[in-house]
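**Student:** Provided below for reference: sequence and predicted model.
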Amino acid sequence: MKAENRDFPLLFFLLTLGFSWLFWTPLALQAHGWISLPEPLADFLAGAFNPAPWMPSLMGILLTLIYEGWRGLAAWLKDGLNPRRLGRAGWLMAIFLPLGIFLGAHLIEALIRQHPLDLSVLSNPPLALFAPLIILFTSGPLQEEFGWRGFALPRLLRRFNALTASVWLGFFWWLWHLPLVFIPGKFMVSTLPLFLLLLVEIVLTAVLMTWVYRRTQQSILAALVFHTVMNYSIWVLLPSMQVSVGLILITCALLALAVAGLVLREERQQSQPA
């Protein structure tokens, strides 16, 4: 397949959404009483072996294999997971940007609403310490980032500027979660209005992750770390993982400030004489 035909990874998006929704939609329909699944099937779809969350990474790996062959796949994985690509600055960005934004949003909301923080996770130090590894392997990063940032983003960047590529990726990343809204306890929002508002947060997050990705030599590892720390920062003070309108708005404001600050910093660096 010619490279120019792969600049917009439409096939990746269609396959990822299609297969994930195939395995999520029956649970959503059953949750609302529209169908009744056989018990073994319902248990499988509701359990840890449902393949739906893994579809972004699986499709990214599969399509890379189809387009680039085994050698191309091996080189892609080797380069994308090379920790040296991040450098000290990359590690700091991948860890402290999401930590400051998403954890900071919790603290600001608690101050504004004057309600106590949920410290149940922090009161269990072993859980708090090992949770990032659990999140990495079971709660999004490993299941998704070989697809979103590993496969789709570099192809979008070949065709669009960084902002437009991030908006496209953020939109499909957001849309991918749609069936989870209708499955109780599976996602951070459970109503369509909140899900629509979440689009802004996810797109802004995609913009920030693109910035980190480009400054770490297109590192998939940086995306994995960022995604892990982001999910950990949301969960550690909100174990229910059910976000409110206020928390989404505060998070969006912090994300927008971070993006604006990084853009201004980049413009100043480019304007300085060599």
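**Tutor:** Here it is on my side, so go on. Numbers count the residues shown, from 1 in each chain.
**Student:** How about the contacts made by residue 109?
**Tutor:** Each residue near residue 109 by CB atoms under 8 Å, 6 or more residues apart in numbering is listed here: 244, 246, 247, 250. No exception for glycine: its C-beta is placed from N, CA and C like everyone else's.
**Student:** ok, now with 7 Å
**Tutor:** With CB atoms under 7 Å, 6 or more residues apart in numbering as the criterion, the residues that contact residue 109 are 246, 247, 250.
**Student:** Please apply the same query to residue 188.
**Tutor:** 241, 242, 243.
**Student:** Three-state assignment for it, please.
**Tutor:** Secondary structure, DSSP: H, G, I helix; E, B strand; the rest coil: residue 188 is coil.
**Student:** Tell me the confidence at it?
**Tutor:** Turning to residue 188, the model gives it a pLDDT of 94.
**Student:** separation between it and residue 181?
**Tutor:** Distance of residue 188 to residue 181, computed by CB to CB, to the nearest Å: 10 Å.
**Student:** Could you measure from residue 50 over to residue 183?
**Tutor:** Here the distance between residue 50 and residue 183 works out to 11 Å (CB to CB).
**Student:** Filter the contacts of residue 188 down to the buried ones, PyMOL style.
**Tutor:** For selection in PyMOL, the members of the contacts of residue 188 meeting the burial criterion (16 or more other CB atoms under 10 Å) are listed in this command:
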select buried, resi 243
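**Student:** Now residue 25: closest residue in space that isn't a chain neighbour?
**Tutor:** Nearest residue to residue 25 in three dimensions, chain neighbours excluded: residue 179, at 5.2 Å (CB to CB, 6 or more residues apart in numbering).
**Student:** Does that neighbour touch residue 28 like I think?
**Tutor:** Yes. If you go by CB atoms under 7 Å, residue 179 and residue 28 touch, sitting 5.0 Å apart.
**Student:** give the contact list for the closest residue to residue 122 other than its chain neighbours.
**Tutor:** For residue 122, the nearest residue in space outside its immediate sequence neighbours is residue 128; the separation is 5.4 Å by CB to CB, 6+ apart. Residues in contact with residue 128, defined by CB under 7 Å, 6+ apart, are 121, 122, 236.
**Student:** Quick test: name the residue nearest the centre of this protein.
**Tutor:** Geometric centre of the chain, nearest residue: residue 227, 5.5 Å, by CA atoms, centre = their mean.
**Student:** In this structure it contacts residue 145, no?
**Tutor:** Yes. In this structure, residue 227 is within contact of residue 145 by CB under 7 Å, at 5.7 Å.
**Student:** how close does residue 177 get to residue 199?
**Tutor:** The value you get for residue 177 to residue 199, if CB to CB is used, is 10 Å.
**Student:** Please read the previous query as pertaining to residue 184.
**Tutor:** In this structure, residue 184 and residue 199 are separated by 21 Å, where distance is defined by CB to CB.
**Student:** So which of the two has more stuff around it?
**Tutor:** The residue with the greater number of neighbours, taking residue 184 and residue 199 and applying other CB atoms under 10 Å, is residue 199; the counts read 15 against 12.
**Student:** Show me what the helix or strand hosting that one packs onto, helices and strands only.
**Tutor:** Remark: residue 199 resides in helix 192-214, with elements defined by DSSP states H and E. Where contact means 3 or more CB pairs under 7 Å, 6 or more residues apart in numbering; DSSP states H and E, helix 192-214 is packed against helix 87-98, helix 162-176, helix 220-236, helix 245-271.
**Student:** quick one: buried residues of that helix?
**Tutor:** The neighbour-count criterion (16+ other CB under 10 Å) identifies 194-195, 197-198, 200-214 as the buried residues of helix 192-214.
**Student:** Repeat that for stretch 54-74.
**Tutor:** The neighbour-count criterion (16+ other CB under 10 Å) identifies 54, 55, 56, 57, 58, 59, 60, 61, 62, 63, 64, 73 as the buried residues of stretch 54-74.
**Student:** I figured the third one was touching residue 148, is that so?
**Tutor:** Yes. At 5.6 Å, residue 56 counts as touching residue 148 under the criterion of CB under 7 Å.
**Student:** before we move on, the earlier item: among the helices and strands packed on helix 192-214, show me which one is buried the most.
**Tutor:** With neighbours defined by mean count of other CB atoms under 10 Å, none of these is more surrounded on average than helix 220-236, at a mean of 23.
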